[in-house]
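Undergrad: I need the structure of the sequence given here:
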Amino acid sequence: MADLFDRAAPPRRKTSYSARDIEVLEGLDPVRRRPAMYVGGTGEDGLHHLAAEVLDNAVDEILQGAATSVEIDLGAGGTLTVHDNGRGIPVDAHPKFKKKSALEVILTTLHSGGKFNGKAYQTAGGLHGVGLSVVNALSDFLSVEVTREHKLWEQTYCRGKAKTKLKSQPAAKNRRGTTIRFHPDPKIFGDATFKPARLHSLARSKAYLFPGAKIRWRCDPKLIGARDGTPAQEIFHFPGGLADALAAALEDAGCATPEPFIGKASLNGGDERIEWAIAWPDDGTPLTRFYCNAVPTPLGGTHDAGARAALTKGLKAYGALVNFRPVARFTADDVSGGAAIMLSLFIAEPQFQGQTKEKLVNPEATKLVEAALRDHFDHWLTGNPKAAQALLDHVSERANDRLRRREEKDLTRKRAGRKVRLPGKLADCSVTSAVGAELFIVEGDSAGGSAKQARDRKTQAVMPIRGKILNIASAGVTKMRENQIISDLVQALGCGLGERYDDSALRYERIIIMTDADVDGAHIATLLMTFFYRAIPGLIDAGRLYLAQPPLYRLTQGATSRYARDDTHKEELLRSVFSRRGKVDVSRFKGLGEMPAPQLRETTMDPSLRTLVRVAIAPAERKTTDTLVENLMGRKPELRLAFIMDRSEDAGELDI
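TA: I've put the predicted structure just below:
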């Protein structure tokens, strides 16, 4: 036992721990010791948070109606200046710190300011009383100028401590407000510098929140890079507020509704209010900008939740009112997940998550925003039935896409978990590799029987489908999922659907649609192409989809026989091959099922003799094709009628 204890690890060195080890940080020392706690980090984000804090204080004066303009100037060396023409920070002695002015208390003491009791500021972005003192603590130089009662007061600071006393001198009668000029401390932020483009964007976003106010931007031209499009000077003035912001963000992007949903409302009958501008881009790309008291909240929060609840409940209620059945499957993400939402809320006592204020957490804000927005949204929908219907159709497409993706995920999981059984009607080929393998999709058991006899069993598979396949452009995802023909076809292909398409999992090199050479056959081929275009576009992009070209006629004169694809081809053969005198026997095939197997092999299935047409879409024509498929195969019969009527004069004799 003694040997065992001798080999044990030596005890750790004892360290003292007593009251003397308890350190108390005073003044602004906590800020300099742990800057990330106050500004979120010591990199570029934290640096720009300083600018946001100073700018928030300036726009709070606009919010109270005490100022009409703010100036922001980025000078040489990275010094930032922010000026407002508001009331000016008080400079008289503070009642609690009689040897210091209120100005110095605000700049050197955490949790000091005029926004706690709600008397000087009814609604404000700066609430914790730490913003300006934190900027002061993290700057190696800060100067403040306050103009009040025709006097200009000046004082300078370094790393949170006053370097000069508060001095005054006469000022022009028309001058007023506060000017803060500061340079971030490189000991804290290292090589990080202010980015003109980022500050320019920050200033512009504030101007959108205060219709009528002006924010002037200036920057030393030497700080703007050659490829940076930021202007050296600009005045931001947006009378339309968030409506102007939404229009600028979307530019020429198409939207589901002709006009966006725009409005504003007072809350609780006081100074609290809300403003919004909402649109639904065609491409479903989300764009959200939420603000509370002019402070951006990129992580959203309770006002975000209230807005989305209002939109979802409002649209579902309207859909039920007009008996739009697909509305039953709408989710909040279907309605607002792809929307462009800009919302600005002003309330008296906002609660933010942390000093960086990235998220609003007031529990009452959810119901407050939902109630205000819902009422106006209900009126907007009922007053704009065309826009409301367009929005219902747009959201229905999003719901269909969501359900389709879920179905694709389910199929992928099933395929990974067990061996997929091939459909019973599929006559598969014997090769195990997809290279050289072909799948012929034919209509009906009769045609399938002929094709099975005519095929090369080694490389050619045949799958008969019964009747006309479901038109998935007009049917919902639920119907598509329940359709047996589509389910069998997806199983036979093995490549997945939509975004989950896997070309390496496709069981055949070529997928060939082989239908009768008449109107019914063309319709079935169109329905199949619509299915592949909407549900498995990757198969078309990979160049895997083809159309067979079976003949409609057989022309015989003596020992000479030819096959014609259609009437035009028949007339061409009669003029060329059969131009000599003599009777030409013309027989029309009733369908692939009536064609003898040797003739089907010779004309349509033999790779050395047949003609195939590859289905392809040029990238530049994708949008035009989307519109054409929607117009001809979608839910709205009036679009098909318009297409037919526009081209009725061009139609010749119809084969019906």
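
Undergrad: hey, what's the closest residue to Lys99 other than its chain neighbours bridged with?
TA: Leaving aside its sequence neighbours, Lys99 sits nearest to Ala93 (C-beta to C-beta, 6 or more residues apart in numbering; 7.6 Å). Glycine gets a C-beta too; all of them are placed from N, C-alpha and C. Here Ala93 sits in beta bridges with Ser101, going by DSSP bridges.

Undergrad: Ala93: how many residues sit nearby?
TA: As a burial measure, Ala93 scores 14 neighbours (other C-beta atoms under 10 Å).

Undergrad: which residues sit in contact with it?
TA: Residues in contact with Ala93 (C-beta atoms under 8 Å, 6 or more residues apart in numbering) are Lys99, Lys100, Ser101, Ala102.

Undergrad: Then Cys219?
TA: By C-beta under 8 Å, 6+ apart, the neighbours of Cys219 are Asp73, Leu74, Pro196, Leu199, His200, Thr230, Pro231, Ala232, Gln233.

Undergrad: Show me the residues you listed that map onto strands.
TA: The members of the contacts of Cys219 that map onto strands under DSSP state E are Asp73, Leu74, Gln233.

Undergrad: Against Gly78, how distant is the residue lying closest to the second one once chain neighbours are set aside?
TA: Once flanking residues are discounted, Leu74 sits nearest to Cys219: 4.4 Å by C-beta to C-beta, 6+ apart. Between Cys219 and Gly78 the distance is 11 Å, computed by C-beta to C-beta, to the nearest Å.

Undergrad: Repeat that for Thr297.
TA: 27 Å.

Undergrad: who's more crowded, the two?
TA: Thr297 (25 against 17).

Undergrad: Surely that one touches Gly354?
TA: No. Assessed by C-beta atoms under 8 Å, Thr297 is found out of contact with Gly354, at 11.3 Å.

Undergrad: Can you check which residues contact both of the two?
TA: Common contacts of Thr297 and Gly354 (C-beta under 8 Å, 6+ apart): none found.

Undergrad: Next secondary structure element downstream of the helix or strand bottoming out on mean pLDDT in the chain?
TA: Among the helices and strands of the chain, helix 2-6 carries the lowest confidence by mean pLDDT, DSSP states H and E, at a mean of 44. Counting by DSSP states H and E, the next helix or strand C-terminal to helix 2-6 is helix 29-33.

Undergrad: now what about stretch 468-487, what contacts it?
TA: 326, 329, 399-400, 403-404, 407, 443, 465-467, 523-524, 527-528, 530-531, 534-535, 629-630, 633-635.

Undergrad: From the contacts of Cys219, list the buried ones, please.
TA: Buried subset of the contacts of Cys219 (neighbour count, 16 or more other C-beta atoms under 10 Å): Asp73, Leu74, Pro196, Leu199, His200, Thr230.

Undergrad: for those residues, which one is nearest Ile106?
TA: Asp73 (21.9 Å; C-beta to C-beta).

Undergrad: Specify the beta-bridge partners of that closest one.
TA: Beta-bridge partners of Asp73, as defined by DSSP bridges: Thr81, Arg218.

Undergrad: how many neighbours does the nearest residue to Ala36 once chain neighbours are set aside have?
TA: Using C-beta to C-beta, 6+ apart and skipping residues adjacent in sequence, the residue nearest Ala36 is Thr42, 6.3 Å away. Look at Thr42: counted by other C-beta under 10 Å, it has 18 neighbours.

Undergrad: For Ile485, pull up the helix or strand it's in.
TA: Residue-wise, Ile485 maps onto helix 484-493 under DSSP H and E.

Undergrad: and the next element down the chain from that helix?
TA: In N-to-C order, the element after helix 484-493 by DSSP H and E is strand 510-514.

Undergrad: Give me the contact list for that following strand.
TA: 437-442, 447, 451, 493, 525, 528-529, 532, 539, 544-548, 550, 592, 604-605, 612.

Undergrad: Please apply the same query to stretch 443-451.
TA: Against stretch 443-451 from outside (C-beta under 8 Å, 6+ apart): 425, 427, 440, 442, 462-468, 514-516, 521, 524, 591-597, 600, 605.

Undergrad: And that stretch, what's buried?
TA: In stretch 443-451, counting by 16+ other C-beta under 10 Å, buried: Glu443, Gly444, Ala447, Gly448, Gly449, Ser450, Ala451.

Undergrad: Now secondary structure, pLDDT and distance to Pro281 too, for these, in JSON lines please.
TA: Output for these, formatted as JSON lines (DSSP: H, G, I helix; E, B strand; the rest coil; pLDDT from 0 to 100; distance: C-beta to C-beta, whole Å):
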{"residue": "Glu443", "secondary structure": "strand", "pLDDT": "87", "distance to Pro281": "40"}
{"residue": "Gly444", "secondary structure": "coil", "pLDDT": "83", "distance to Pro281": "44"}
{"residue": "Ala447", "secondary structure": "helix", "pLDDT": "87", "distance to Pro281": "45"}
{"residue": "Gly448", "secondary structure": "helix", "pLDDT": "87", "distance to Pro281": "45"}
{"residue": "Gly449", "secondary structure": "helix", "pLDDT": "88", "distance to Pro281": "51"}
{"residue": "Ser450", "secondary structure": "helix", "pLDDT": "88", "distance to Pro281": "50"}
{"residue": "Ala451", "secondary structure": "helix", "pLDDT": "91", "distance to Pro281": "46"}
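
Undergrad: Nearest to Thr556 among these?
TA: Nearest to Thr556 among the buried residues of stretch 443-451, with distances taken as C-beta to C-beta, is Ser450, at 20.0 Å.

Undergrad: how close does the closest one sit to Tyr563?
TA: 15 Å.

Undergrad: Ala137 too?
TA: Ala137 is 89 Å from Tyr563, by C-beta to C-beta.

Undergrad: Nearest to Val31, out of the ones in strands among the contacts of Cys219: which one, please.
TA: Nearest to Val31 among the ones in strands among the contacts of Cys219, with distances taken as C-beta to C-beta, is Leu74, at 23.2 Å.
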